[in-house]
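In: sequence and predicted structure below; questions after.
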Amino acid sequence: MNRATQTDKDHNAWIQRPSTHDKPDLTFLSDKCGSSIKHSISSSRQRIARYAAITLLAILCPLAMTARNHEPLKAQLHHAIAGYKAQVGIAIVINGKDTLTINNGISYPMMSVYKFHQALATARHMEEHAIPLDTMIYVKKEELHPDTYSPFRDEHPEGNAWFSVRELLTYTLQWSDNNACDILFSHIINTKQTDSLLRSIGVSNFNISATEQEMHNDINKCHDNWSTPLASAQLLDDFVAGRIVEGEYHDFILHTMLDCTTGEHRLPAGLPAGTPIGHKTGTSGKDKNGMFIGVNDIGFVYMNENTRFSIAVYVTESSEDLATNERIIAEVARKVYLYLKETHISE
């Protein structure tokens, strides 16, 4: 990858690097989730090669990716989503090896789920260029659009101040802030660069090309940012395993997602209280036909030291109300959790 990007040249005036920064504390996560979350690969080339190999294996030899037969779970999930006026796509990666998909051959609008992809690409770019997460960005008032969901704008309505990349990513990942998302696209790497960076490390079956403001201005652009469920679940699994970013960049995103404040009635609602889950939601309005374009949730779940799974549930073209769409997602999570608990799957 070219280490001197156009973004570096265009935005130096608005970016200020700190002299020092703190690393996040990993005590909570290591205590709760065991050593599996600490895995990382030291060489960047090794990470890229391994990611590409896994993706190629999944395409050319899907049975090799499935170490166990999960047909009973697949039947349960088919039953759980039957009868709804919605298209539901599901993908699960269990312990980094077993995969299960339902309705995977569709391009699902990600909505704000793509802020997870943005966070990974931003962190990967910063890691490769040795840019600290506490690098400061000057945010102008005119970047705080008034007609979009933005707790960041509500808390800093005047703008014209410095904020760290760490702060902005926290707003996007925990609060799904639209202004913070577009500020990062403007100052770090844009949508095209985000898409290209992820493809360069082997990610496929997705597309990112529209900002939040562009989707707000033209609802049809919501379909421009899409993914298959399996592509999202695999990306989650590779992130957790340390194959996308390492060190403080990995730990920061992981902890931030574990503290996500949105979507409490989606994946988390299907899990026992206190189950560690890091997740990212996405929600659209309704199209001209009165259907939701996307009500989504993707996440990684730690059941115990030996069992984890990544899951993506996309609901599109839905005539159901929001609460029903969220119950569909929660029920999928519930069935997956109970199945894995009953089958005693371990690493």
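Out: Structure received.

In: other SSEs contacting the longest helix anywhere in the chain?
Out: Secondary structure of the chain read by DSSP state H shows that its longest helix is helix 322-343. Here helix 322-343 touches helix 71-81, strand 87-94, strand 295-302, strand 308-316, going by 3 or more CB pairs under 8 Å, 6 or more residues apart in numbering; DSSP states H and E. Any C-beta I mention is one placed from the backbone N, CA and C, and that applies to glycine too.

In: wait, which of the ones you listed is closest to residue 275?
Out: Smallest distance to residue 275 across the helices and strands packed on helix 322-343 (CB to CB): 6.4 Å, for strand 295-302.

In: CA atoms only for the closest one - export them in PDB, please.
Out: These are the backbone C-alpha positions of strand 295-302, laid out as PDB (Å, rounded to 0.1, in the frame of the first residue of the first chain):
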ATOM      1  CA  VAL A 295     -32.600  -3.200  10.400                       C
ATOM      2  CA  ASN A 296     -29.400  -5.000  11.300                       C
ATOM      3  CA  ASP A 297     -27.000  -6.100  14.000                       C
ATOM      4  CA  ILE A 298     -23.600  -7.800  13.800                       C
ATOM      5  CA  GLY A 299     -21.500  -8.800  16.800                       C
ATOM      6  CA  PHE A 300     -19.100 -11.100  18.500                       C
ATOM      7  CA  VAL A 301     -20.100 -13.100  21.600                       C
ATOM      8  CA  TYR A 302     -18.100 -14.800  24.300                       C
END
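
In: next one: it to chain centre, how far?
Out: Offset of strand 295-302 from its chain centre (CA atoms, centre = their mean, to the nearest Å): 8 Å.

In: what helices and strands are in contact with it?
Out: Contacting strand 295-302 under the criterion 3+ CB pairs under 8 Å, 6+ apart are the following elements: helix 229-240, strand 277-283, strand 308-316, helix 322-343.

In: state the mean pLDDT of that strand.
Out: The pLDDT scores in strand 295-302 average 98.

In: residue numbering should commence at 553 henceforth.
Out: Let's use 553 as the start, then, which means that last one is strand 847-854.

In: compute the inter-axis angle for that strand and helix 781-792.
Out: For strand 847-854 against helix 781-792, the angle by axes from the mean of the first three to the mean of the last three CA atoms, to 10 degrees is 40 degrees.

In: was I right about residue 864 contacting residue 757?
Out: No - applying CB atoms under 8 Å, one finds residue 864 not in contact with residue 757, separated by 11.5 Å.

In: what sits against the most centrally placed residue in the chain?
Out: Central residue of the chain (CA atoms, centre = their mean): residue 668, 3.1 Å from the mean position. Taking CB atoms under 8 Å, 6 or more residues apart in numbering, we find residue 668 in contact with 725, 787-788, 809, 832, 850.

In: likewise residue 677?
Out: Neighbouring residues of residue 677 by CB under 8 Å, 6+ apart: 557, 683, 740-741, 745, 749.

In: hmm, try it at 6 Å
Out: residue 741 (CB atoms under 6 Å, 6 or more residues apart in numbering).

In: same thing with residue 663?
Out: Per CB under 6 Å, 6+ apart, neighbours of residue 663: 834-836, 846, 848.

In: low-scoring stretches of the protein, by residue?
Out: 553-620, 896-899 (pLDDT under 70).

In: for it, which segments count as strands?
Out: With DSSP state E, the ranges of strands along the chain come out as 567-568, 639-646, 650-654, 660-661, 688-691, 713-716, 758-759, 778-779, 829-835, 847-854, 860-868.

In: tabulate those (JSON lines), appending mean neighbour count and distance to residue 766.
Out: Shown next, in JSON lines, are the strands of the chain (neighbours: other CB atoms under 10 Å; distance: least, CB to CB, whole Å):
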{"stretch": "strand 567-568", "mean neighbour count": "16", "distance to residue 766": "23"}
{"stretch": "strand 639-646", "mean neighbour count": "25", "distance to residue 766": "24"}
{"stretch": "strand 650-654", "mean neighbour count": "20", "distance to residue 766": "30"}
{"stretch": "strand 660-661", "mean neighbour count": "27", "distance to residue 766": "13"}
{"stretch": "strand 688-691", "mean neighbour count": "20", "distance to residue 766": "19"}
{"stretch": "strand 713-716", "mean neighbour count": "14", "distance to residue 766": "22"}
{"stretch": "strand 758-759", "mean neighbour count": "18", "distance to residue 766": "14"}
{"stretch": "strand 778-779", "mean neighbour count": "26", "distance to residue 766": "14"}
{"stretch": "strand 829-835", "mean neighbour count": "25", "distance to residue 766": "15"}
{"stretch": "strand 847-854", "mean neighbour count": "27", "distance to residue 766": "19"}
{"stretch": "strand 860-868", "mean neighbour count": "28", "distance to residue 766": "19"}
